[in-house]
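Colleague: kindly return the folded structure for what I paste below:
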Amino acid sequence: MVAAALLAMVLAGAQLGGAQPRASSNPPLSGWLTFGNGNARLGAAASGLDPRSLSARWFRETDGMVTTQPLVVRNTPARGQTTVYVATVHGRVVAYAPNGYVRWQRMLGSLPSTCPQLDTYGVMGTPVVDPTSRALYVADGFGLLHAFDLVSGRDRAGWPVRIFDDPERELVWGALTLVAGSVYVGTGSYCDEPMEGKLIRVQIGSRRVSTWKPVPFAQGGGGSIWGWGGAAFSAKRDALFVVTGNAFEGGSNKGSAFTESAGYGEQLVELSPDLRVLAANGPPTVTGGGDIDFVGSPIVFTPSGCDELVAAMNKNGHLYIWRSASIASGPVVDVSMQPSTEQQPLLSQAAYGARTRSLYVSTSLAFVRVALDGCDGAHVAWSRGFQVATLHGSPTVAGSTVWLARGAVPARLRGYDAVTGALRFDRVLGVMAFTPPAIVGGWLFDGAAHGYAGSATAASRPAAKASGLRRYTSFSDNRHGWASRENGVFATEDGGRTWHRIYRTYAQRVLRLSATRGVISVGSATSPCGCAQRQLWTANGGRTWHETRALGSQFTGAGRTVLTWSDNVVRRTAWPPTHATRVASLANSVADVAVVPGGIAALQTSAGTSFDNAARVAIVRGGSTTTETLPEQPGRVVARSLTVTWPTVVVRSLVFTDRGRKTVRWRSTNGGRSWQLA
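Modeller: Here you go, the predicted model:
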């Protein structure tokens, strides 16, 4: 579904149980607060974005694929500041400044699965921002709904809340929906394996959970709600709209009576806010066997001169449109956009442009504009073919341009003229991107790892408080340190009493080795491929910088030694860091590395393929490697970091249980020969 190194955006909130009145001293929040820029899931920005003025401003890597749309919140953490929030399938939730600086992050973990669509399953559905309680609501891979303070990232009191009990059989694919103090969450299956799809309501004030099942097990189960946009909402009808996947065989739905549309399978369903079914319909052309679920999510829109309409798409390549007030009467529009097979199904989310009265869809074969004919007809106005038939990103409309990421390698960010389909912007992304871009205030965040801005874009005022991320601070001794802040890299020569800037933009990792030597990794000046950070070293305290290709984006060191690692390989370079040699190739991927006398210590992780319930530390000294397995800890363990004050070695890990997460530490006082839980 997505690719291996991706995006960065950001923000966080306060310590309250439920929705609270906004204090008068807090400025109102605005921006891109939910998937599609509103509960109608239109996928349209509030203002246009001129492709001629757009340029890449920064790039950074994340620890996993990104299937969530960036959320952009203005006036957070304070008036005049903006934060961008992004979550990864590894379960990391990140709050970024608009320049990519990490203000805070939370690790929620992920659930490995044999389903190959993603490498692991953490946060797949786009979170939602509640501007009233000033919280970010996030569904993790373990069946928990979290509420994070927008400013600090801390849990609100009483959260997380358990919303379903079988995370190894169901997950949250689509976006969360916030309506009148309740969060709505849809669940789907892993690779079409048997389960009961659900639409779950969580009332913020009471944290009460209620559930609607489109196809209960008595009818075979299934009916997944898995479109990227989750549930849509019509304010006019005070109703939610969802589309569902197929029912499974079982219960009363088997043998000659079996149908994939049993219960409310493979239908558009209208529900009241308290989850009562108001209307439903399965179009007659959604028939026969095969995998022909509905995809994307409903879009609620009102073209000029028409009643309110609801559009939805199916894997069969058809776009359907209903009148929202008469869903049961069936669709008034049925347009075929591409020949569709199980090998090349339609899998994206549509967007609506009010100026052109058109829906925009990226199929596996082409980017398509479907223009309305009056209120009950439509036709394909144009189709712009893709060179490679594959899964492509979903579009966002901004004024006269429609933006999306082309999924084929190399991935590209493209802007098309909304009327003619002419290509107006085309840039290599370098990493795969499938989420629709978020566009706010002249900025475009593409979901892959980039921030783009127009030439006249106003800068967000930097936050006064520096981030507490470990990789943003490095001291070579008690006096000499570096710190990465939103507006640059700063140095202290007196233990932090005074600081001076040594690099004009923030760094994504800093390593100070002495009073004069050190290394930083930067992504503010993007590489030609738009897919790599740049590593710079200095030997004169930051007066001049030199680029090196010997290091990756992860590195550490001490004295005149720098270590760098990627996957399961650790390399070492002497000063200056211009050539690296392999130190170790280990059995598992490397989570963290530290220098020890005469060698290295490396923490190994299986995260992404399984949990680290048997986490291991390798000590490589004098050409030999000894590996110790850490004592078992109940729960699902993910190894995170390693610190060394030789011969003491400390490993920090996260442990996930049905009740949430906790941090555990193992300590060795004899160089890794024996370990105890600290």
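
Colleague: please count neighbours and contacts with C-alpha atoms only from this point.
Modeller: Noted.

Colleague: excluding its backbone neighbours, what's nearest the residue positioned nearest the centre of the chain?
Modeller: Centroid check for the chain by Cα atoms, centre = their mean gives residue 87 as the closest residue, at 3.2 Å. Spatial nearest neighbour of residue 87, excluding adjacent residues (Cα to Cα, 6 or more residues apart in numbering): residue 93 at 4.3 Å.

Colleague: average pLDDT across the one helix or strand that neighbour maps to?
Modeller: Residue 93 is located in strand 92-96, with elements delineated by DSSP states H and E. In this model, strand 92-96 has a mean pLDDT of 93.

Colleague: just to be sure, residue 225 is in a helix?
Modeller: No: looking at residue 225 with DSSP: H, G, I helix; E, B strand; the rest coil, it is coil, so not inside a helix.

Colleague: could you give the number of residues near it?
Modeller: Neighbourhood size, residue 225 [other Cα atoms under 10 Å]: 36.

Colleague: repeat for residue 538
Modeller: Residue 538: 19 surrounding residues under other Cα under 10 Å.

Colleague: contacting residues for it?
Modeller: For residue 538, the contact set (Cα atoms under 8 Å, 6 or more residues apart in numbering) comprises 516-519, 544-546.

Colleague: which among the residues you listed end up buried?
Modeller: Buried residues within the contacts of residue 538, counting neighbours by 16 or more other Cα atoms under 10 Å: 517-519, 545.

Colleague: nearest to residue 657 among those?
Modeller: Nearest to residue 657 among the buried ones among the contacts of residue 538 is residue 519, at 38.2 Å by Cα to Cα.

Colleague: can you confirm the closest one is in a strand?
Modeller: Yes: residue state for residue 519 (three-state DSSP) corresponds to a strand.

Colleague: what about it, distance to residue 136?
Modeller: Distance, residue 519 to residue 136, by Cα to Cα, to the nearest Å: 35 Å.

Colleague: cool, and residue 517?
Modeller: Relative to residue 136, and taking Cα to Cα, residue 517 is found at 40 Å.

Colleague: repeat for residue 500
Modeller: Relative to residue 136, and taking Cα to Cα, residue 500 is found at 35 Å.

Colleague: walk me through the domains of the chain.
Modeller: The chain breaks down by automatic domain parsing into domains covering 30-45+62-453, 465-585, 586-678.

Colleague: okay, now the unreliable bits of the stretch 401-550 of the chain?
Modeller: Within the stretch 401-550 of the chain, the stretches with pLDDT under 70 are 408, 430-431, 448-449, 456, 524-531.

Colleague: what does stretch 543-563 contact?
Modeller: Residues from elsewhere that reach stretch 543-563, judged by Cα under 8 Å, 6+ apart: 476, 502, 509, 511, 513-514, 521, 533-538, 564-566, 570-580, 593-595.

Colleague: restricted to strands, list those residues.
Modeller: Residues of those located in strands (DSSP state E): 502, 509, 511, 521, 534-538, 564-566, 570-574, 593-595.

Colleague: which of these are buried?
Modeller: Applying 16+ other Cα under 10 Å to the ones in strands among the contacts of stretch 543-563, the neighbour count classes 502, 509, 511, 521, 534-538, 564-565, 570-573, 593-595 as buried.
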